[in-house]
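Participant: structure, please.
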Amino acid sequence: ARRRPAVARPARRGVAVVVTAAIVATLAAGGWALSGGTHHPSASAPTTAVGPAKGSGLAARSPAAAPAGQLVVAQRSSAISAENARAGATAWTIEHDTVPRAIEGFTDRASGQAGETVRLYVRARTATFTVRALRLGYYRAAGAREVWTSGTTTAPAQPPCQTLVPGNTVDCSNWTPAITLPIDASWVPGQYVLRLEQPDGRASFVPFVVRDDRSHAAIMVVATVTTAAAYDTWGGHGLYGSSAGGSAGRATTVSLDRPFGGGIGGSAYLFGGTTGVGSMLEAEGADVTYTTNVDQHEHPELMRNHRVIISGSHDEYYSPTMRGGLEAARDAGTNIVFLGANAVYRRIRFESSPLGADRRIVNYRGVGHDPVAQADPRQTTTNWRDPPLANPESTLTGNWYECNEGGLKADMVVADAGAWMFQGTGLVDGSRLPGMVRSEYDRVVPGKPLPADLEILTHSPLTCRGTRSYSDMTYSTFPAGAGVLNTGTLELDAHLGPRCTPETPTTTGATLADCVLRNLLWNVISDFAIGPAGQRHPAHSNLAAIKPPRHGASGGN
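Facilitator: Residues are numbered from 1 along each chain as shown. Coordinates of the predicted model:
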């Protein structure tokens, strides 16, 4: 799978917007007026309160449906708007990666909340370093706000990390903690980066989430830590192979007790492709909170406290507890947005490390190699669609992962513009959003297990590994009223951010296609935030009209 450096950046100033003839034509037909070929982001912005420690035993509640006719504005959060009205940070991004990086680190947990302490492990090549904690958001296009700094800190001498066998597990739990982070109520829940800085100017990021287990915010955004760790080959080994390339040296267990490699400043696949949608939500002042999928595993019941769960653009690795918790939330009426493709594809289990519970992620790929396969089949780390307990991802996501190719690029083609989420976008059947399908994709495959009520929204022709096929965006609804949107492509989060229109100039560098996409997804998310979407918008099967092919491409993951 393609790995893009998904670190949030401030708005680009004065970037020209390119509008393709196809988009101009289709939007003009739908009543969109173009003014100078540029666009304008909305100016509003988001947060939540912080709460008790993990394991507090808080009761989970099913999401209450809003009264009939309740406006979306009722779902907005004054706390989020107040947070984003604060002055944003300057000079916080890392534009160029240095390999090998001079400074890097990791935290001893993927998230924390008020009242908890989080230890930061750092290895530097200078005697001292500084840490700046930055919360990502909109912040009037600055992209982040600094909430804390460590001051000058002595860098501890760190031993080489270990490579544990069997498993090829690179593990740095033998490092000495450098700093203990003081998480308190001033750390507003959200996505954070800890910017590690040496006196010589070199720097790297450590991604981190501040959560609130008490939250009943309408929207929960989930950072896909497990997938980031799976693709990470820091120290030489990941779940796909070694840093040298190829499957030789593949790990069967990866540790969160190591830095994230690759990406900009060590950001790797930062938050699994949710920074763009986070910026959009916070610019709107939406009622949003944040978590990680490690927390999904540890407290699956908390997902039922929200009206919308947003899964990132690459959310591939799920434990049975994670999936069971998400399906229980859906069955209680919680809506779900799968912002990408290839979600819920690999079955994993968690193991402890010397630094705590659930710090190692196990994935053997098949029954024959996994030592627990016979004793406990439920914990066997196959693909979800494979025996011994086959449960294809499509029953939850509404879509079937099919193929990936590094150079794959195709237009997203609208198939059902009459569906409710296209209102106001100007799109018609056959409208094309250029280049919005890339790398990996999902599609509807007749004969595969699918939700009973499933609607294909976009049906996009492509060629993957020499075979013609399609990528599909789907909408499905379930008996308790939950709606599930699956975008069917990894590409979209990179195009998200503050909403924009064709009429007013912008400085964000958004294309017209980006603006259309943002409005489409805002239609979905803002409606989902009201309550079970299927009660207002039941999915109407259109498979017989669209006739998706039974056979398509195939290609590894």
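Participant: quick one: residue 448 from residue 212, how far?
Facilitator: According to CB to CB, to the nearest Å, residue 448 stands 38 Å off from residue 212. Every residue, glycine included, has its C-beta placed from N, CA and C.
Participant: comparing the two, which residue is more hemmed in?
Facilitator: Set side by side, residue 448 and residue 212 show more neighbours around residue 212, with 23 against 15, by other CB atoms under 10 Å.
Participant: read off the pLDDT value for the more buried one.
Facilitator: Taken from the predicted model, the pLDDT recorded for residue 212 is 97.
Participant: helix/strand/coil for residue 278?
Facilitator: helix (DSSP: H, G, I helix; E, B strand; the rest coil).
Participant: longest single helix anywhere in this structure?
Facilitator: Within the chain, and with DSSP state H defining each element, the longest helix by residue count is helix 512-528.
Participant: other SSEs contacting that helix?
Facilitator: Contact here means 3 or more CB pairs under 8 Å, 6 or more residues apart in numbering; DSSP states H and E; on that basis helix 512-528 packs against helix 21-29, helix 275-283, strand 308-311, strand 335-338, strand 432-443, strand 483-486, strand 500-501.
Participant: who's in contact with the helix or strand that the second one is followed by?
Facilitator: Which is helix 275-283. Sequence-wise, the next helix or strand downstream of helix 275-283 (DSSP states H and E) is strand 288-292. When contacts are taken as CB atoms under 8 Å, 6 or more residues apart in numbering, the neighbours of strand 288-292 outside the stretch itself are 46, 48, 77, 80, 110-111, 189-191, 209-212, 215, 217-225, 278, 281-282, 302, 306.
Participant: strand 288-292 pairs with which strands, parallel or anti?
Facilitator: In the sheet containing strand 288-292, the strands it pairs with under DSSP bridges are strand 219-223 (parallel).
Participant: now do the partner strand against helix 512-528, angle only.
Facilitator: Here the directions of strand 219-223 and helix 512-528 differ by 120 degrees (axes from the mean of the first three to the mean of the last three CA atoms, to 10 degrees).
Participant: how far out from the middle of the chain is strand 219-223?
Facilitator: Shown here is strand 219-223, whose average C-alpha point lies 8 Å from the average C-alpha point of the whole chain (CA atoms, centre = their mean, to the nearest Å).
Participant: can you show me the CA trace of it as CSV?
Facilitator: In CSV, the C-alpha atoms belonging to strand 219-223 read as follows (Å, rounded to 0.1, in the frame of the first residue of the first chain):
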residue,chain,number,x,y,z
ILE,A,219,-18.5,12.7,16.3
MET,A,220,-15.6,10.5,17.3
VAL,A,221,-12.5,10.4,15.0
VAL,A,222,-10.3,7.3,15.4
ALA,A,223,-6.5,7.4,14.8
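Participant: so for it, mean pLDDT?
Facilitator: 97.
Participant: again, but for stretch 480-497
Facilitator: The average pLDDT within stretch 480-497 is 96.
Participant: and that stretch, how far out from the chain's middle?
Facilitator: Between the mean C-alpha point of stretch 480-497 and the mean C-alpha point of its chain there is a distance of 10 Å (CA atoms, centre = their mean).
Participant: so how far does it reach from one end to the other?
Facilitator: For stretch 480-497, the first and last residues are 31 Å from each other (CA to CA, to the nearest Å).
Participant: returning to what we had before: quick check: next helix or strand after the longest helix of the chain?
Facilitator: Under the assignment DSSP H and E, the closest C-terminal helix or strand after helix 512-528 is helix 543-546.
Participant: mind giving me the packing neighbours of that next one?
Facilitator: Applying 3+ CB pairs under 8 Å, 6+ apart, one finds that helix 543-546 contacts strand 453-464.
Participant: just the C-alpha atoms of the strand of greatest length in the chain, please, in PDB.
Facilitator: With secondary structure taken from DSSP state E, the chain has its longest strand at strand 400-413. Coordinates of the C-alpha atoms in strand 400-413 are reproduced here as PDB (Å, rounded to 0.1, in the frame of the first residue of the first chain):
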ATOM      1  CA  TRP A 400     -15.000  -5.600  -0.700                       C
ATOM      2  CA  TYR A 401     -11.300  -4.800  -0.800                       C
ATOM      3  CA  GLU A 402     -10.000  -5.900  -4.200                       C
ATOM      4  CA  CYS A 403      -6.600  -4.600  -5.400                       C
ATOM      5  CA  ASN A 404      -3.700  -2.200  -4.900                       C
ATOM      6  CA  GLU A 405      -1.100  -0.800  -7.300                       C
ATOM      7  CA  GLY A 406       1.400   2.000  -6.500                       C
ATOM      8  CA  GLY A 407       0.700   4.000  -9.700                       C
ATOM      9  CA  LEU A 408      -3.000   3.400  -9.800                       C
ATOM     10  CA  LYS A 409      -5.000   6.700 -10.500                       C
ATOM     11  CA  ALA A 410      -8.500   7.100 -11.700                       C
ATOM     12  CA  ASP A 411     -11.400   9.600 -11.700                       C
ATOM     13  CA  MET A 412     -14.200   9.100  -9.200                       C
ATOM     14  CA  VAL A 413     -17.400   8.900 -11.200                       C
END
